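[1] Next come a sequence and a model predicted from it.
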Amino acid sequence: MENIRLKKLIQALQLTRFNAIALNPGATLTYLTGMSFHLMERPTLLLATRTGKAAMLLPQLEAQKLAGLSIKGFFYGDNPAERLDALKAVCAYLGLKNGTIGVEPTRMRFLEMNLLQQAVSNVEFQSAEGTLTSLRICKDASEIALMRKAVEIAQAALANTLPAIAVGVTEREIAAELVLQMMSLGSDPELPFQPIVSSGPNGANPHATPSEKTLQAGELLVIDWGASYQGYFSDLTRTLAISEVEPEFQKIYELVKQANASARAVAGPGIPAGHVDRAARQVIESAGYGEYFNHRVGHGLGLEAHEEPYMFAENELILQPGMTFTIEPGIYLPGRAGVRIEDNMVITEEGAESLSDFNRSMIFAG
């Protein structure tokens, strides 16, 4: 069966200076093959050349994954001494003797690079990030449908978790219940990330880890979570109030809600990504809380929890239909509380659609 995505990779490769591209396990390899491979002590590599050939180096135990794929496999056993000979056989099959190999800078490890240096004489490695990003940055209808399902699972899971949120419950207990609900509703076991459940002062840390801290009346509770469906991710955040909260907490909540709405309204085809960040930031800065919004407004989303496009103020990348990303403004008051409201967006031909629609008004729990 012809692999259309691999064919597109080779076409893109022919427009570059690379003799080949080498990929180890990660989202791009999954995107190209439809298979999930482990990043482990046994090296796995896909090599594709500008001449149109592709082959994989795999441990023998993974051989069945290539069944039905138009990619030739070269396998090795458990003895590490077999790996280099198998990789040399790959390179001989591809006619790869020297030159420049493009790699994913955030994925390629010393283990695989060292093997390639031994297998190919006079080789140079360079980043192929731009070439690879161009393949995945705009999602097709089937990918968007999977992301929409991941959002549906995540939203239903939070709705089912809300009754468990009460004064005296720990952050970890809420996180555990949320994960259980996502699994029960059909999420893949491998989540985009472990949920962030942070209450009171912990909420001022955007990437807090759930702890044994118990929820107290008058606190804000930040929940950042996501589900996975057939490998595609959702990534959402909602902030709840535990009973009544002080006026300033209500104020910053409404500001973040307005910033989220402003950013969603600006997003659309032909708009620089940075304009989305600026729209949210302007709302928060105008109210005097600019220093407490200490991260970009969002990031791309798909087979990875963080991918292109990155939604920071200086990014002049033009948004195009099929691009998917988060909008997640926040205000974080050190030692007191945090607020974040995050939605998942897709650029359409006419504008931008939020795949998520969970209640953005302040939810009172506990």
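    Arrived safely, thanks for sending.
[2] Next, the nearest residue to Thr348 once chain neighbours are set aside: secondary structure please.
    Leaving aside its chain neighbours, Thr348 sits nearest to Pro321 (5.8 Å; criterion: CB to CB, 6 or more residues apart in numbering). C-beta here means a position set from N, CA and C on the backbone, and glycine is covered the same way. Under DSSP: H, G, I helix; E, B strand; the rest coil, the three-state class of Pro321 is coil.
[3] shaky segments in the chain?
    Applying pLDDT under 70 to the chain flags residues 1-2.
[4] helix, strand or coil for the residue nearest the centre of the chain?
    The C-alpha lying nearest the average C-alpha coordinate of the chain belongs to Ala305 (CA atoms, centre = their mean; 1.5 Å). Classification of Ala305 using three-state DSSP returns coil.
[5] can you offset everything so residue one is 216?
    Sure, I'll start numbering at 216, so the last one becomes Ala520.
[6] did I read that right, Asn375 in a helix?
    Yes - counting by three-state DSSP, one finds Asn375 located in a helix.
[7] out of everything not next to it in sequence, what's closest to it?
    Gln396 (4.6 Å).
[8] Next secondary structure after the strand or helix carrying that neighbour?
    Assigned by DSSP states H and E, Gln396 belongs to helix 386-399. Next helix or strand after helix 386-399 toward the C-terminus (DSSP H and E): strand 411-414.
[9] Quickly find the element holding Pro524.
    Per DSSP H and E: Pro524 is located in strand 522-526.
[10] Just list what whichever helix or strand comes after that strand packs against, helices and strands only.
    Note on strand 522-526: by DSSP H and E, the next helix or strand toward the C-terminus is strand 539-542. Judged by 3 or more CB pairs under 8 Å, 6 or more residues apart in numbering; DSSP states H and E, strand 539-542 is in contact with helix 462-481, helix 488-501, strand 513-515, strand 522-526, strand 558-562.
[11] Output strand 539-542 as CSV, nothing but the C-alphas.
    Output in CSV follows, covering the C-alpha atoms of strand 539-542 (Å, rounded to 0.1, in the frame of the first residue of the first chain):
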residue,chain,number,x,y,z
THR,A,539,-4.6,23.8,15.4
PHE,A,540,-3.4,25.4,18.7
THR,A,541,-4.3,26.4,22.2
ILE,A,542,-5.4,29.8,23.5
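[12] and for it, what are the contacting residues?
    Contacts to strand 539-542, defined as CB atoms under 8 Å, 6 or more residues apart in numbering, come from residues 354, 359, 362, 450, 475, 478-479, 482, 488, 491, 495, 512-517, 524, 526, 557-562, 570.
[13] go on, stretch 315-334?
    So stretch 315-334 is in contact with 228, 231-241, 243, 254, 256, 258, 260, 262, 298-299, 302-303, 305-306, 335, 338-344, 346-347, going by CB under 8 Å, 6+ apart.
[14] please redo it, this time with the cut-off set to 7 Å
    By CB atoms under 7 Å, 6 or more residues apart in numbering, the residues outside stretch 315-334 that reach it are 231-239, 241, 243, 258, 260, 298-299, 302-303, 306, 338-344, 346-347.
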